[in-house]
Each structure stands twice: as structure tokens, then as C-alpha cells.
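In: Here's a sequence, model it:
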Amino acid sequence: MKDVWNLDRIYKGFEDPAFAADMDTLRALVKQYNAFAEGLESMEDLAGLRQGIELEEKLMQLFMKLISYAQLRQSVSTRDSECGSRLGQILQLLSAIAGAEATWKAWAAKQEGLMDMVANDELLKEYTFRFENLRKESTHLLGSLGEEIAARMQLSGGNAWSEMHGYLTSTVPVEYNGGITNLSAIRNLAYDADPAVRKAAYEAEIACYDKIKAPVAYALNSIKLETISDCQLRGYASPLDRTLAQSYMKRETLEAMLGAMVEYLPKFRQYLKAKAQLLGHENGLPWYDLFAPVGTSGRKYSTEEARDLLVELFSGFDAQMAQMIRTAFDEEWIDFFPRDGKSGGAFCADVDCIGESRILANYDGLFTDIDTLAHELGHAFHNECVRSHRALNKDYSMPVAETASIFNECVLMNAAIAKTEDKQEKLALIESQLQDVTQIIVDIYSRFRFEAMVFENREQQFMDADALCGIMLKAQEESYGDGLNPDIRHPFMWICKSHYYGPTFYNFPYAFGGLFARGLYAQYEKEGAAFVPKYKKLLYTTPIATAEDVAKVAGIDLTDKNFWRSALQTVADKIDAFCQLVKE
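Out: Numbering: from 1, shown residues only. Here you go, the predicted model:
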């Protein structure tokens, strides 16, 4: 089993003749699509609809193959200038069809009897959800020229600022223990068993941000102002409204979820204060001990041990998933370890052209790292479940995107907790689970509040690094409250988290996924094996239905705050168990 992923199945390099051939084909398709859009007004309606879909399918498949390869290459080698150049070329080609795409969408949306034609054509019928949303979204289009200008300007605007953030955070030197390390490695030390190491690593991390805080502040301000301007031009009431529309999710659902989360924040603060007490802190938990291990589950696992543990566990859930996990480990889907120039964190990318996924990790061998692998493998399984859809029906929205990943975490952690009888090990496992849930509820709420406040301020003023740090501390106060030591928080989380530099409000989907998955897991506990086919159908449905309709597959009403309360209560029960073990 190798430590790095294999991208040769996509291309053997940028010099691969297949890469050059596909770039030429993409250029030809772009020309063909633009010519098609110019002649739309003279086309028969059904023929125009079918040809538009067929061309978009070809463009999407080829574009995703090319962009996936370039982005995956760059994520493990951010200093590779050729990756940046190739990405620019591919994105430039994509931007060249923005005007034609807007023309086709506007033309399609105004066709009389559109949905009747869709219902009576075998190809179009599979894109019913897409056409329903096309009609709604057509009112927010900028016209052919406007869309092309917006797409081209974004290349040197938001996309460029985002790439700069990724470059700076992956290459900033971190001075630690007499040497130089990278941000991913230093952040991994937050899980170290030695409190002195955790504290020193936190201080080294905070110090390194001073070197890059000014340019990153410019990046964040520029991205948010671009978003505000785009929303105003398109007629969206706010960036959040645009995000909800693009997420196919009702505001009532978001408000029900956030309202339930706020109700349960005191319970999470109870957990944080109990952990602080356990670690000998009197004034709330200092930030550097948020991920401190407790109990006696500090052993490290090799990648082979991680594979065997996950395969065995998920064999009891679903044979298809277990086999996919084994394949992921054995056939080089995963890039495991941190190294200089490699992006931090973890992600899973679908590589549909080869029917596989690729997973970036920064593995350190702890059980929390196995939990991260389970999370990303959940995304990979989600990709497997939507594989049979047509090319334009494989992109599910942000809220439902975290469902399978966090469901996997529930399977892993609940099995591990149930298996052990040792109180110290049980304490460690429950606390590890609470760490994760605290991140997707309490910290995510702080990130949501931070981004909301940034948007409230950005239209009127530029926020320098100090101002952004102040807003972040205010957001953390609203979320963490007295659970954290007010003097030892993390003012630079706006630099640390890449989500601020990509899709707008890419924060609440984690809370959505975490709570939705827990609600689904509760059903699995009741129904057993009979639940699995329903779960797979739910995942299959995610690209072709609203969040609310996806939930209905499992009989769930997302606008009902009681659903979210019931999911949060399962966490509250774990907090009670943790506090009891702390007392004992």
C-alpha cells in the first residue's frame, strides 16, 4: 500500500499526449457550443433543448477530467507553477462558454410548454429537476455578455485571491522547537498527548499568521466584495439568499436548524467546561486544549491497521461500502501524510472519468485520523451512489454533501464506544466524538456568524487583519461563550479555514450534514439492515431534488425544529455520559 495517490489513471502528466488531445477537444467543444448558442433562435424547440443538453454533457465530462487532474496535482504541490498555469488555461476555456450558457438557459426557460416537452422526452426527462431550477434561476442571469464578463473577471478576481490564500497557508514557514515546519504539521500537534507540546504548537501557529495576515486580509475582503457585487447585479437579496437558492434549501430549514443549535449551545459549553476541569483549567478551556486527548486511547495506527479496522467495521453495514474502502486503500486513492507544499486538512474529490475518488489526508496515526478517513470515505461512497446518474446529475448541493461523510463517523464512533468496557477508553472515545460534533455545531456557528458579520461590514468598509480578528473573537464569544477561556481563543481562524475563500457560507452545510446524518443514524439503529437500501436511495436522490425532498425519502421534515432538536439530543446524551465519566 503506497502513501501517495495515483493520478496516472487520469493522465500521466501534463506532457501526456492524452492531456493535450483533451485540451484540443475541449477547445473544439467550446467553439461548437458558442456557435450553437448563436443559432438558437432559428432552432426548433425540442431539438434545441436536446442539443444543448448533449453539448453540456460532453463539456462537463471533459472539463471535470481536466480540472480534477490539475487541481489534485496542485493540492499536493502548491509550489508547482505549471499546475497554476494549466488551471488558468482550463478555467479560461470554461469562462469562454459563460455567455453561450446564459443564452441557452434564457432561451430554454422561455419555451412554451417547457416542462411538457421535458416530461415526454427520454433524455430530457432525466433532467427534470435541472429544468425546473433553470426556470427559477433564469431571472438571475446577467445575459450573454454579462455572464461572460463575470466569468472572465472572476479568474483574476475571486479565483486568484482564493489560490493565493491556498499558496500562502501551505507554504508559510512555522518556527517551532528550534526548526521550521509547515502549518498542517503544526496543527496536527493540537492532538498531542503532551500539554506543553499543544500549547507551544498553538503559540507557533498563531505567530506564523502574522507573516501572512495582511495579504490574506486583502484576499478575504476582495472575495466578499466580489460576492456582494455579484448578488446585487443578479437580484439576490443577500449572499445568504443566493447560497440557499444554489443549495436548493429553504430559509425555513436553515432557521429551524440554527434555532435548535442556539438552544443547545449551553449544553456544549457544559462539555467544554467539564473538559477544562478534567485538564486542570479554571476559567474555561483554552483554545490549545480543544483537541487535547483524554482517557487512554492515544495509540497510533498504521495505515494498514486503519484499513483493516474500517473494512471490518463497514462490512457489518454494507458489503458495497466495505469493498470500496478496501479498494481506496489498496489501489492508491489516498494521499496520506503531511509534507511541505501540500494543502492542509482533508478532502475527497470525485474523479468520475475513471469511476473513482481521490482523498487528501494529513494522517498522523491517531484514532481521530481514522475518523477523518471514515469521513472522506463517506464522500467517496456518496460518489459511488450517484455514479449511475447522467453527467449533469452528479453534483449535489452543499448541505446534503456532508450527509454520508458524517454518517460514516457515527458508524465508526458509536461502534467503538459500544465495543469498549474500559472507562478510560470509553471516556476517550466519547470525548473524541464530542470534539468533532463541537466543531460542526459550535465552531460552525461561530464561522456562520463571522461570515454574516463580514458581509454586513464589507460593503461600507475594508476590514484589515486586526478588524477581522476582532470580528472572529466576537463570533467565538457568541458561539463558545464561557466554555472557552476568553483570553485564549483563536482570532486567526479566518486565515486558517479555507471555506471563507470558496463558496459563500460554506459553513452551515457541516452542521446540516452532522445533524441530518445523526437523525438518519438513529433510524438505522431502529431499523437495522432494512435501512441500508433506503439510505442508498436517499444518497442517490441528492443531485436531483431539494434538501427537503431528499429528507422525505427517509420521512423527515427539515422545516420542523423538533427534528433538529432530536438530533442534537443524541449529542446532549453523550455530553451527559462524558460529564458522568469525568466525575467518576
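In: Just to check, F531 is in contact with Q523?
Out: Yes: shown here, F531 and Q523 form a contact pair, counting by C-beta atoms under 8 Å, at 5.7 Å. Every residue, glycine included, has its C-beta placed from N, CA and C.
In: Tell me which of these two has more neighbours.
Out: Each of F531 and Q523 has its neighbours counted (other C-beta atoms under 10 Å); F531 has more, 18 against 15.
In: list the contacts for the more buried one?
Out: F531 is in contact with 523-524, counting by C-beta atoms under 8 Å, 6 or more residues apart in numbering.
In: what helix or strand does it sit in?
Out: helix 531-541 (DSSP states H and E).
In: can you check A374 too?
Out: Assigned by DSSP H and E, A374 belongs to helix 367-385.
In: Report all helices and strands that that helix contacts.
Out: helix 303-315, helix 319-330, strand 347-351, strand 356-360, helix 403-419, helix 423-438, helix 531-541 (3 or more C-beta pairs under 8 Å, 6 or more residues apart in numbering; DSSP states H and E).
In: Would you check how far apart R565 and M257 are?
Out: Distance of R565 to M257, computed by C-beta to C-beta, to the nearest Å: 10 Å.
In: An error on my part: the question was meant for V386.
Out: 24 Å.
In: got it, and K267?
Out: Applying C-beta to C-beta to K267 and M257 gives a distance of 16 Å.
In: if you count what's nearby, which of those two comes out ahead?
Out: Using other C-beta under 10 Å as the criterion, K267 and M257 rank with M257 on top: 25 against 17.
In: host element of that one?
Out: Counting by DSSP H and E, M257 is found in helix 251-278.
In: what about that helix, distance to the chain center?
Out: 21 Å (C-alpha atoms, centre = their mean, to the nearest Å).
In: just checking, T368 touches E431?
Out: No: contact criterion C-beta under 8 Å: T368 and E431 do not qualify, at 10.5 Å.
In: who has more neighbours, these two?
Out: When neighbours are counted by other C-beta under 10 Å, E431 comes out ahead of the other of T368 and E431, with 24 against 19.
In: how many degrees apart are the biggest helix by length in the chain and strand 347-351 in direction?
Out: If you go by DSSP state H, the chain has its longest helix at helix 45-75. Orientation check (axes from the mean of the first three to the mean of the last three C-alpha atoms, to 10 degrees): helix 45-75 against strand 347-351 gives 130 degrees.
In: hang on, the earlier thing: so which of the helices and strands packed on helix 367-385 is the most packed in?
Out: Across those, the average number of neighbours (mean count of other C-beta atoms under 10 Å) peaks for strand 356-360, which reaches a mean of 23.
In: Pull that strand out as CSV, backbone CA atoms only.
Out: The C-alpha trace of strand 356-360 is given here as CSV (Å, rounded to 0.1, in the frame of the first residue of the first chain):
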residue,chain,number,x,y,z
GLU,A,356,-13.1,6.5,-8.6
SER,A,357,-12.4,9.1,-5.9
ARG,A,358,-9.2,10.7,-4.6
ILE,A,359,-8.7,11.5,-0.9
LEU,A,360,-6.3,14.0,0.5
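In: If you count contacts, what does it end up packed against?
Out: Packing contacts for strand 356-360, counted by 3+ C-beta pairs under 8 Å, 6+ apart, involve helix 45-75, strand 334-335, strand 347-351, helix 367-385.
In: export these to TSV and tack on distance to E122 and mean pLDDT?
Out: Shown next, in TSV, are these (distance: least, C-beta to C-beta, whole Å; pLDDT from 0 to 100):
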stretch	distance to E122	mean pLDDT
helix 45-75	10	96
strand 334-335	39	98
strand 347-351	26	97
helix 367-385	23	95
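In: export those to a markdown table and tack on distance to R358?
Out: A markdown table is the format used below for the helices and strands packed on strand 356-360 (distance: least, C-beta to C-beta, whole Å):
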| stretch | distance to R358 |
| --- | --- |
| helix 45-75 | 6 |
| strand 334-335 | 7 |
| strand 347-351 | 5 |
| helix 367-385 | 9 |
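In: Out of the ones you listed, which is closest to Y236?
Out: Closest approach to Y236 among the helices and strands packed on strand 356-360 (C-beta to C-beta): helix 45-75, 23.7 Å.
In: wait, isn't F317 in contact with G528?
Out: No: contact status for F317 versus G528: not in contact, 10.1 Å apart, counting by C-beta under 8 Å.
In: low-confidence ranges in the chain?
Out: Scanning the chain for pLDDT under 70 picks out the ranges 297-298.
In: Strands of the stretch 101-250 of the chain, start to end?
Out: With strands called from DSSP state E, counting those that start in this stretch, the stretch 101-250 of the chain shows them at 174-176, 179-181.
In: With L87 as the reference, name the closest of those.
Out: Closest to L87 of these is strand 174-176 (C-beta to C-beta; 26.2 Å).
In: Against H165, how distant is G157?
Out: As judged by C-beta to C-beta, G157 and H165 stand 13 Å apart.
In: Settle it for me: which of the two has more neighbours?
Out: Applying other C-beta under 10 Å to G157 and H165 shows that H165 carries more neighbours, namely 22 against 17.
In: Show me how this protein divides into domains.
Out: Per the record, the chain has its domains at 17-156, 173-235+267-295+432-501, by automatic domain parsing.
In: List the buried residues of the helix holding A374.
Out: By 16 or more other C-beta atoms under 10 Å, the buried positions in helix 367-385 come out as 367-385.
In: What of stretch 496-514?
Out: Buried residues in stretch 496-514, counting neighbours by 16+ other C-beta under 10 Å, are found at 496-501, 504-514.
In: Then stretch 246-257?
Out: 246-249, 253-254, 256-257.
In: between those residues, which is closest to D16?
Out: Closest to D16 out of these is Q246 (34.2 Å), distances taken as C-beta to C-beta.
In: residues touching the residue nearest to that closest one when sequence neighbours are not counted, list them.
Out: Nearest in space to Q246, with sequence neighbours left out and distances taken as C-beta to C-beta, 6 or more residues apart in numbering, is S397 at 7.0 Å. Residues near S397 by C-beta under 8 Å, 6+ apart: 246-249, 542, 547.
In: Just the ones of those residues in helices?
Out: Under the assignment DSSP H, those contribute 246, 547 to helices.
In: Just put the contacts of S397 in TSV and tack on distance to A219.
Out: Below are those laid out as TSV (distance: C-beta to C-beta, whole Å):
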residue	distance to A219
Q246	22
S247	24
Y248	29
M249	27
T542	31
A547	30
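In: Out of the contacts of S397, which two sit at the greatest distance?
Out: Using C-beta to C-beta, the pair of the contacts of S397 lying farthest apart is Q246 and T542, separated by 14.2 Å.
In: buried residues in stretch 14-28?
Out: Going by neighbour count (16+ other C-beta under 10 Å), the buried part of stretch 14-28 is 14, 19, 22-23, 26.
In: Dump the C-alpha coordinates for that stretch into PDB.
Out: C-alpha atoms of stretch 14-28 as PDB (Å, rounded to 0.1, in the frame of the first residue of the first chain):
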ATOM      1  CA  PHE A  14       0.800  17.500 -18.300                       C
ATOM      2  CA  GLU A  15       3.100  16.300 -21.100                       C
ATOM      3  CA  ASP A  16       0.800  13.200 -21.700                       C
ATOM      4  CA  PRO A  17      -0.500  13.300 -25.300                       C
ATOM      5  CA  ALA A  18      -3.900  12.400 -23.900                       C
ATOM      6  CA  PHE A  19      -3.900  15.700 -21.900                       C
ATOM      7  CA  ALA A  20      -3.000  17.700 -25.000                       C
ATOM      8  CA  ALA A  21      -5.600  15.900 -27.100                       C
ATOM      9  CA  ASP A  22      -8.400  16.500 -24.500                       C
ATOM     10  CA  MET A  23      -7.400  20.200 -24.300                       C
ATOM     11  CA  ASP A  24      -7.800  20.400 -28.100                       C
ATOM     12  CA  THR A  25     -11.200  18.600 -27.900                       C
ATOM     13  CA  LEU A  26     -12.300  21.000 -25.200                       C
ATOM     14  CA  ARG A  27     -11.400  24.000 -27.300                       C
ATOM     15  CA  ALA A  28     -13.400  22.500 -30.200                       C
END
